[in-house]
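# Need a 3D model of the sequence below.
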Amino acid sequence: MTMMLKNPTTGLATLNTPSLVLDKAVLAANTERMTSHLKDRGIRFRPHMKTAKSIDVTRIAIAGNFGGVMVSTLREAEYLADHGISDITYGVSVLPDKLQRIAALVRRGVKVGVILDRCAVAEQISREAVRFDITLDVLIELDSGERRAGVTADSADLIELGHALERLPGTHLQGVLTHAGQSYQCRTVADIERVAEEERLSVVTAAERLRAAGLRVDVVSAGSTPTATHGKNFDGLTEIRCGVYMFGDMMQSQIYSCSRDDIALSVLATVTGHRPALNTALIDAGALALSKDRSTEAPGLTEDIGFGLVMDMHCQHRIADVKVGHVYQEHGMLVSSGPFPFEALPVGSRIRVLPNHACMTAAMHDGYNVVNGTDDTGIEFWPRVNGW
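Predicted structure coming up:
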């Protein structure tokens, strides 16, 4: 059952600030575009819910797809299962201490896929799976260039792990999976296309080697928002996963994954003070409401927008030359490259801040205040789940 709640009053001007605002119209356009993009290429799409952590957003994201999702925490998995999602990949290397909670999900009829990249861990997982009387579908995690986790497609470890997963009781080799997180370091579409092909070749090569070793590989899974958006060749893949595409953010807009108009998430804040002598103003959204992510200051990007891009209350116009230059726990400081526009931003006025990194910004909020474009009448509240 949906958790949507109606705000008893209407309009952004009535919300407590800081508040997380989600534009449903933009969200729907983003999800429909990615779903259509991958369906046209014959690829099964598994949206990653690590950013949204919301059943209401999940239902929009899976519309037109097969219904499976990926999560980054077991808390997300449990929450989504409570709301009827029954095909979930847990996207963090699984460890034995997670098996009791995973077993509880499996007993409820949820298809849970897990990932790992070490034989020693597979042996530990096997023992726990037998203890809980379950069989786990396991995807071997591959390092396709990010150098975070996983085995490489050409390694002996890959074949050894594949055989172990089929030999050990309580585990079943489902396939291979990778995430080209290094795509976030790209600065041109051509670079993203190159990384997307490296990502594809990694999982396809691994799948071919495992099959040549006599092992069955049903799932060949890849994905990041940049590579899913700009990849040219999907041959050999069975599944794509990505998540931040739903909301977009300023970092994604600067690496060509979306436009600024595609950013569905923002933080509503109130101007709380003026400091004319310092050419600054204060807002009531600080590090907790906005996050301390400074990804747009990375070399090679088009603009460092501080801790977020400052827009008018209805997110239609940028406040020229103003950015969130500093954050404290509950304070943000607006700074300007020229004379500060105090008259345009009087104390008590409201702004919207577009985040650098949607995942980090959303993390401290307990839900979304949902609008439809400039129509902010009848704002809905969609809860989100936090924790691990």
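# helix or strand right after the least confident helix or strand in the chain by mean pLDDT?
The weakest-scoring helix or strand in the chain, judged by mean pLDDT, DSSP states H and E, is strand 5-6 (a mean of 44). With elements assigned by DSSP states H and E, the helix or strand that comes after strand 5-6 is strand 19-23.
# Other residues contacting the next helix-or-strand element following that next one?
Next along the chain after strand 19-23, taking DSSP H and E as the criterion, comes helix 24-39. Contact with helix 24-39 is made by 44-45, 47, 57, 60-61, 63-65, 228-229, 240, 242, 245-248, 258, 261-264, 370-373, 380, as judged by CB atoms under 8 Å, 6 or more residues apart in numbering. (Each C-beta comes from the backbone N, C-alpha and C, glycine too.)
# Next step: those residues restricted to helices.
57, 60-61, 228-229 (DSSP state H).
# Please identify which of those residues is nearest to Gly387.
Val57 (17.4 Å; CB to CB).
# quick one: furthest residue from the center of this structure?
Here the chain reaches farthest from its C-alpha mean at Ala277, the gap being 40.5 Å by CA atoms, centre = their mean.
# Quick one: classify that one as helix, strand or coil.
Three-state call for Ala277 (DSSP: H, G, I helix; E, B strand; the rest coil): helix.
# Run through the residues that contact it.
Contacts of Ala277 by CB under 8 Å, 6+ apart: none found.
# Would you mind giving the ones in helices among the contacts of helix 24-39 as CSV with neighbour count, pLDDT and distance to Arg194 added?
CSV is the format used below for the ones in helices among the contacts of helix 24-39 (neighbours: other CB atoms under 10 Å; pLDDT from 0 to 100; distance: CB to CB, whole Å):
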residue, neighbour count, pLDDT, distance to Arg194
Val57, 24, 98, 31
Ile60, 20, 98, 32
Ala61, 27, 98, 28
Ala228, 25, 96, 15
Thr229, 21, 96, 14
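# returning to what we had before: just the buried subset of the contacts of helix 24-39, please.
The neighbour count (16 or more other CB atoms under 10 Å) marks 44-45, 47, 57, 60-61, 65, 228-229, 240, 242, 245-248, 258, 262-264, 370-372, 380 as buried among the contacts of helix 24-39.
# quick one: which of these sit in strands?
44-45, 47, 240, 242, 370-372, 380 (DSSP state E).
# which of these sit farthest apart?
So, these by CB to CB: farthest apart are Arg44 and Val371, at 31.7 Å.
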